[in-house]
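Colleague: I'd like to go over a predicted model; first the sequence, then the structure.
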Amino acid sequence: MATFDPAAATATYLSKLSPEANDRAVAYTQGGHWVLLWTAVISLAIYLLLVRSGVLVRLRDRLEARGFGPLRVSALVLGAAFVVETLLNLPWSVYADWARERSYGLSSQSFAGWLGESVLASVIGLPVTLALAVGIYALIRRAPKTWWLWSAGLIAAGSVVMMVVAPVFIAPLFNQYEPAPPGPVRDAVVVLAKANGVPSDRIFIYNGSRQSNRYTANVAGLFGSTRIAMSDVMFAKGADLAEVRAVVGHEMGHYVLNHGWRNAIVLSILAVLALFAVDRLFAPAARWLGAGGVRGLADPAGYPVIVAIVVGLGLISTPVTASLTRIGEAEADRFSLERANEPDGLARALVKTIEYRAASPGPIEEVLFYDHPSVGSRVRRAMDWKAAHPADVVPVKVVPPPARPS
């Protein structure tokens, strides 16, 4: 009997894409690194324009002249800044988030559909962001020496609330979620969920193909809002039962290993560091940007200075945040292999993601930019698992896909 060779098996899986498709994936992935940079540059240019124009300073002065208090002034100045920022960034967003995705075949969404959803996201996000920002400015006024610490706690609390609210109230505004119909797929997910302590009463298939052609699933929510959701793209791309178990097992790994909570804690720590840096860097940054008329950190007219600092810090810290996420993804892969025992299912699913995440980046590129381990390394780990646990691997059973929401 021939010995199973993980390296050869990995090479076989990675060879399923044509050279042309691989080149396209590399172009998309590496182009995405430039998109990351240009997104930051364009954001900084917008903030510089807001500062140099003095429009927020003039608006603040007029509101104060009318007798508005600090809370109302903050809300109105920040609200105006958010709207102007969104409008100025729209052309770049059209390219980066819609046109580029369509040009690489990763989305078939119409411009009208994309724009409508972008407007809806802004309508939902603006009040939430505004409330958070007004709260932070209130903390700056009330606790000028420790505001950055309290504000980080406020951000962490907001992220936990969103983890509870988003699956129930926000996600259904953008996609149609239908209960997975009875059959082998649902049965397999229910068994896997019950075996790993994941709620099994809310299993859905949603029309993710409405926005994207990416092969994906997720387990999201807390405190009774948890649900398992599989994009219809999985089944359009021929997911068999082994792939379903492997992919859903990976997503359950995030839930069981408490990655949501861990991410909230990490976000809090990073927020503390970032806001502390803002506290120390605001004055020199305001001078450098030419923020004439801005009275200090507590002045909402200085909002562009704060976010310019945050954008710069975010760009510099990309390798750190990407690496933290990448570690969690590797942990979820291992969880899937241990609990679902589907190395070939996981490998087949991963190969279907190469079109938007090049399979074999250099080590420096992976560390700097990849928020998932490279597909090549993930497939190799799955094949190493298969070689080490031959008795655990479940034979592949092909099943017809469940009905998908339109």
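Modeller: Thanks, I have it. Numbering: from 1, shown residues only.

Colleague: report all helices and strands that the strand or helix carrying residue 154 contacts.
Modeller: Using DSSP states H and E, the element containing residue 154 is helix 147-165. Other helices and strands packing on helix 147-165, by 3 or more C-beta pairs under 8 Å, 6 or more residues apart in numbering; DSSP states H and E, are helix 111-142, helix 259-289. Heads up, the C-betas are built off the backbone N, CA and C, glycines and all.

Colleague: name the residues that touch that helix?
Modeller: For helix 147-165, the external contacting residues (C-beta atoms under 8 Å, 6 or more residues apart in numbering) are 128, 132, 135-136, 139-140, 143, 220-223, 225, 260, 263-265, 267-269, 271-272, 275-276, 278-279.

Colleague: mind putting the helices and strands packed on helix 147-165 into JSON lines with distance to residue 152, mean neighbour count and mean pLDDT?
Modeller: Converted to JSON lines, the helices and strands packed on helix 147-165 look like this (distance: least, C-beta to C-beta, whole Å; neighbours: other C-beta atoms under 10 Å; pLDDT from 0 to 100):
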{"stretch": "helix 111-142", "distance to residue 152": "10", "mean neighbour count": "16", "mean pLDDT": "95"}
{"stretch": "helix 259-289", "distance to residue 152": "4", "mean neighbour count": "17", "mean pLDDT": "91"}
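
Colleague: mind putting the ones you listed into TSV with distance to residue 309?
Modeller: TSV is the format used below for the helices and strands packed on helix 147-165 (distance: least, C-beta to C-beta, whole Å):
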stretch	distance to residue 309
helix 111-142	14
helix 259-289	5
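
Colleague: among the ones you listed, which is nearest residue 373?
Modeller: Checking the helices and strands packed on helix 147-165 against residue 373 by C-beta to C-beta gives helix 259-289 as the closest, at 14.7 Å.

Colleague: give me the distance from stretch 106-122 to the chain's centre.
Modeller: Chain-centre distance of stretch 106-122: 17 Å, with C-alpha atoms, centre = their mean, to the nearest Å.

Colleague: hey, C-alpha coordinates of it in CSV?
Modeller: The C-alpha trace of stretch 106-122 is given here as CSV (Å, rounded to 0.1, in the frame of the first residue of the first chain):
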residue,chain,number,x,y,z
LEU,A,106,-15.7,38.5,-7.4
SER,A,107,-19.1,40.2,-7.5
SER,A,108,-22.0,40.5,-10.0
GLN,A,109,-23.8,43.1,-8.0
SER,A,110,-25.2,46.1,-10.0
PHE,A,111,-24.0,49.6,-9.2
ALA,A,112,-27.5,50.6,-8.1
GLY,A,113,-27.6,47.6,-5.8
TRP,A,114,-24.2,48.4,-4.3
LEU,A,115,-25.0,52.1,-3.9
GLY,A,116,-28.3,51.3,-2.2
GLU,A,117,-26.7,49.0,0.3
SER,A,118,-23.9,51.5,0.9
VAL,A,119,-26.5,54.2,1.6
LEU,A,120,-28.3,51.8,4.0
ALA,A,121,-25.0,51.0,5.7
SER,A,122,-24.3,54.7,6.2
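
Colleague: quick check: longest helix in the chain by residues?
Modeller: helix 19-53 (DSSP state H).

Colleague: please compute how far that one lies from its chain's middle.
Modeller: 16 Å.

Colleague: count of neighbours near residue 294?
Modeller: Residue 294 has 24 neighbours, counted by other C-beta atoms under 10 Å.

Colleague: which ones are touching the nearest residue to it once chain neighbours are set aside?
Modeller: Nearest non-adjacent residue to residue 294, counting by C-beta to C-beta, 6 or more residues apart in numbering: residue 302, 4.1 Å away. By C-beta under 8 Å, 6+ apart, residue 302 lies in contact with 282, 286, 291, 294, 295, 296.

Colleague: report the secondary structure state of residue 302.
Modeller: helix (DSSP: H, G, I helix; E, B strand; the rest coil).

Colleague: from residue 81, how far off is it?
Modeller: Distance of residue 302 to residue 81, computed by C-beta to C-beta, to the nearest Å: 10 Å.

Colleague: re earlier: past the helix holding residue 154, which element shows up next along the chain?
Modeller: Following helix 147-165 in sequence, per DSSP H and E, is helix 171-174.

Colleague: good, we can wrap up now.
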